[in-house]
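> quick one, fold the following:
(one chain, ligands or ions: 2)
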Amino acid sequence: MKKNKYAFSRQTVAYYFDAPFSYLKELVDPAHSVIVTDRNIYDLHKKKFSGWKTIVLPPGEAFKTQATVDSVIGQLIEMNVDRKSFLVGVGGGVVTDITGYAASVYMRGIRFGFAPTSLLAMVDASIGGKNGVDVGLYKNLVGAINQPDFLLFDPSLLKTLPEDEWVNGFAEIVKHACIKDARLFKELERHNVRAYSKNKEALSELIRRNAIIKTKVVLVDEFESGERKLLNFGHTWGHAIENKYGLAHGQAVALGMVVACRLSEKLCGFSQTGRVIGLLEQYGLPTAGDFDKKATFDALKMDKKKVKTSMNYVLLSDIGKSLTKSIPMDELEKLIDSL
Ligand code: ADP
Ligand code: ZN
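Ligands and ions are numbered 1, 2, ... in the order given. Model prediction:
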């Protein structure tokens, strides 16, 4: 087990890498804690929850809603959870988002921690303190920025993770390599999903490296005024097609990264689009599809990152080197049309 500590503006977060799930009882007292998880994880890992008070949510993004948070709050009241109690989110990004948000508002805020169980949550969603729920089509419209007390990473939980969810997580890993880490990009080129899922040490190191990349970006800019925007690489176009075509998040982000690479060729002299496409394909992610550009552009105009008449787009000047560029909407529409 490796322990790191990171000091965010209002909270220091302890990271326990390569830790067994059972270590949780050293971090919080089961008598004064409640675990929040989802039905899939609970059923697959039942034994791990014995001795813990547990709230089990219906799985999936469709339940990342205020109604689910209200039901969590109702159960906390029934369990007599007080201000000194601790909430632990054990699950994918949906569970950690709901847990962090519920903990932020219950009794005006109680302490919480996470044990992420999906690759995506380990390298991305559980990190950075953004917690919230979707409202209709608007993703993460309501929520809070609050850091957990700890993050417990147990890579062995991934043994039960479905293949599609591994691929989803790798989209964010490729993103991290593209924006910040050329060496990671090269390492990824030498591996594939199976190579990591079969190699404990490599997997554990991959999770640690990516969790740290995200953490360092967030530390520079916790409340997203600059640096943190880089994490949106592939997400502008990605979010637009994710909603419109009902794609998995990772698939949408992969397609969004390809569009961002092509824009980078035109605007920043980027010349490595072929390598990015090759890597995405190596990890089972889509790189092309039949999308209505005009309709997608209309959805993109509604993106919450839009600033007046232009959009901050994350681009690459090289593998591992990213920047944001403000592109006027009419110019962006022409550029995308010409891709
Ligand atoms: P995210 O991709 O943001 O982590 P979810 O929280 O919806 O989103 O998790 C994705 C799916 O993977 C859900 O159906 C969840 O129940 C399932 N899941 C998460 N972790 C595991 C695991 N370790 N084993 C099996 N299924 C898991
Ligand atoms: Zn993402």
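> just the pLDDT for the nearest residue to M257 once chain neighbours are set aside.
Distances taken as C-beta to C-beta, 6 or more residues apart in numbering place G234 nearest to M257, at 3.5 Å, with adjacent residues excluded. Every residue, glycine included, has its C-beta placed from N, CA and C. pLDDT recorded at G234 is 97.
> these two touch, right, G234 and H249?
No - using C-beta atoms under 8 Å, G234 is not in contact with H249, being 10.4 Å away.
> quick one: which of the two has more around it?
G234 (28 against 21; other C-beta atoms under 10 Å).
> now do the contacts for the more buried one.
By C-beta atoms under 8 Å, 6 or more residues apart in numbering, the contact set of G234 is 171, 175, 253-257, 259-260, 314.
> one more time with 10 Å
Counting by C-beta atoms under 10 Å, 6 or more residues apart in numbering, G234 makes contact with 171-172, 174-175, 178-179, 250, 252-261, 276, 280, 314.
> circling back: shared neighbours of G234 and H249, anything?
By C-beta under 10 Å, 6+ apart, the residues touching both G234 and H249 are 171-172.
> how about whichever residue of the stretch 151-300 of the chain sits closest to ligand 1, nearest residue that isn't a chain neighbour?
The nearest approach of the stretch 151-300 of the chain to ligand 1 comes at T160, 3.6 Å away (C-beta to the nearest ligand atom). Distances taken as C-beta to C-beta, 6+ apart place L44 nearest to T160, at 4.5 Å, with adjacent residues excluded.
> repeat for I179
Nearest one to I179, counting by C-beta to C-beta, 6+ apart, is S322 at 3.9 Å.
> that neighbour belongs to a strand, doesn't it?
Yes - counting by DSSP: H, G, I helix; E, B strand; the rest coil, S322 falls inside a strand.
> inside strands: which ones of the contacts of G234?
V314 (DSSP state E).
> within reach of ligand 1, which of the contacts of G234 are there?
For ligand 1, no contacts are drawn from these by C-beta under 6 Å from any ligand atom.
> helices - which of the contacts of G234 land there?
171-172, 174-175, 178-179, 250, 252-261, 276, 280 (DSSP state H).
> hmm, back to that, make a ChimeraX selection of the buried ones in the contacts of G234.
Buried subset of the contacts of G234, written as a ChimeraX selection, criterion 16 or more other C-beta atoms under 10 Å:
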select :171,172,174,175,178,179,250,252,253,254,255,256,257,258,259,260,261,276,280,314
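> and the residue nearest to T160, how far from N232?
32 Å (C-beta to C-beta, to the nearest Å).
> between those two, which one's more packed in?
Set L44 next to N232 and count neighbours by other C-beta under 10 Å: N232 wins out with 23 against 13.
> which residues touch the more buried one?
175, 179, 224, 238-239, 253, 256, 260, 303, 305, 312-314, 322, 324.
> let me see the contact set for the residue lying closest to G238 once chain neighbours are set aside.
Nearest non-adjacent residue to G238, counting by C-beta to C-beta, 6+ apart: G256, 3.0 Å away. Shown in contact with G256 (C-beta under 10 Å, 6+ apart): 171, 175, 232-242, 300, 314.
> go through those residues and flag which are in strands.
Checking the contacts of G256 against DSSP E, those in strands are V314.
> lowest average confidence, helix or strand, in the protein?
Counting by mean pLDDT, DSSP states H and E, the chain has its least confident helix or strand at strand 306-307, which shows a mean of 52.
> and stretch 150-165, which residues are buried?
150-155, 157-158, 161, 165.
> can you pull out the helices in the stretch 51-200 of the chain?
66-78, 93-105, 119-120, 163-180, 182-190, 193-198, 200-220 (DSSP state H, counting those that start in this stretch).
> is the longest one in proximity to ligand 1?
No - shown here: helix 200-220 not in contact with ligand 1 (C-beta under 6 Å from any ligand atom), separated by at least 12.8 Å.
> that helix - contacts with which helices or strands?
strand 2-7, strand 12-17, helix 119-120, helix 163-180, helix 182-190, helix 193-198 (3 or more C-beta pairs under 10 Å, 6 or more residues apart in numbering; DSSP states H and E).
> most packed of those?
helix 119-120 (a mean of 28; mean count of other C-beta atoms under 10 Å).
> what about A240, neighbour count?
With other C-beta under 10 Å as criterion, A240 counts 24.
> show me what contacts it?
So A240 contacts 252, 255-256, 259, 291, 295-303 (C-beta under 10 Å, 6+ apart).
> buried ones among these?
Using 16+ other C-beta under 10 Å, the buried ones in these are 252, 255-256, 259, 291, 296-297, 299-300.
> what two of these are the furthest from one another?
By the measure C-beta to C-beta, A252 and F297 form the most distant pair in these, at 15.0 Å.
> spell out which residues of the stretch 101-250 of the chain are next to ligand 1.
117-118, 120-121, 125, 157-158, 160-161, 165, 168.
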